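A.B. asks: My questions concern the predicted model and sequence given below.
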Amino acid sequence: AAAPEEGRTLGALARLAGRHGCWIAGAATVRDADGVRTLGFLLDAAGVVRLRVPKVTPDLADGFTAAAATLGAARRFEAAATPFGMVGLLPGEDLLMPGLVRATVYAGAELLVAPCAAPPPGTGEAFAELPTSIGYENWCAVAVAARDG
């Protein structure tokens with residue numbers, strides 16, 4: 001319940017993107033009407049939310065947090081047209097799930113952005129290899145940004 005409200009969080013980031021004319025991609029644990037969840041987002045240079053992607057898998061890197069997983073929820077996979085190519089988001093450990101990767105690539109993603117808290121415990125070395133292996137296997141580029149390391 002201590003997570004910031006989604007609308008306020010994305011609104012503040014949208015104003016920042018618009019003020020500086022830059023694209024912002026990331027993930028945050030936020031609160032909405034349905035509870036607390038980790039959400040991936042992509043904002044364009046005008047501050048418009050281009051992608052809003054709830055995390056599917058539980059928050060393993062931070063331990064099992066109060067953030068809801070959306071394992072059984074219906075989902076539409078999307079990619080957004082950007083100056084950098086077609087971008088898809090897979091927040092946190094979602095990048096570790098081949099089915100989620102492939103569905104995002106099939107939706108048109110040329111670049112997968114994977115913001116995360118940290119690699120799940122015991123997976124640091126494997127996580128470091130993911131951009132190369134996933135990119136090669138799925139014909140896309142992968143960018144991983146971690147809060148820790």
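C.D. replies: Received, thanks.

A.B. asks: State the distance from Gly85 to Leu100.
C.D. replies: Counting by Cβ to Cβ, to the nearest Å, the gap from Gly85 to Leu100 is 19 Å. Any C-beta I mention is one placed from the backbone N, CA and C, and that applies to glycine too.

A.B. asks: Looking at the two, which has the bigger crowd around it?
C.D. replies: Using other Cβ atoms under 10 Å, the more surrounded residue of Gly85 and Leu100 is Leu100, with 21 against 14.

A.B. asks: Can you list the buried residues in the helix or strand hosting the more buried one?
C.D. replies: Following DSSP states H and E, the helix or strand that holds Leu100 is helix 98-106. The neighbour-count check on helix 98-106 (16 or more other Cβ atoms under 10 Å) flags Leu100, Val101, Ala103, Thr104, Val105 as buried.

A.B. asks: Can I get the residues you listed in a markdown table including pLDDT?
C.D. replies: A markdown table is the format used below for those (pLDDT from 0 to 100):
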| residue | pLDDT |
| --- | --- |
| Leu100 | 92 |
| Val101 | 91 |
| Ala103 | 93 |
| Thr104 | 94 |
| Val105 | 94 |
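
A.B. asks: The residues you listed: which two are farthest apart?
C.D. replies: Leu100 and Val105 (9.8 Å; Cβ to Cβ).

A.B. asks: Spell out the residue ranges of the strands in this structure.
C.D. replies: For the chain, strands defined by DSSP state E occupy the ranges 24-32, 35-43, 49-54, 80-82, 85-89, 111-116, 141-146.

A.B. asks: So which of those strands is nearest Leu60?
C.D. replies: strand 111-116 (10.0 Å).

A.B. asks: Provide the strand pairings for that closest one, with the direction of each partner.
C.D. replies: Its sheet considered, strand 111-116 pairs with strand 85-89 (parallel), strand 141-146 (parallel) by DSSP bridges.

A.B. asks: pLDDT averaged over that strand - what is it?
C.D. replies: Here strand 111-116 scores 88 as its mean pLDDT.

A.B. asks: Please compute how far that strand lies from its chain's middle.
C.D. replies: 6 Å (Cα atoms, centre = their mean, to the nearest Å).
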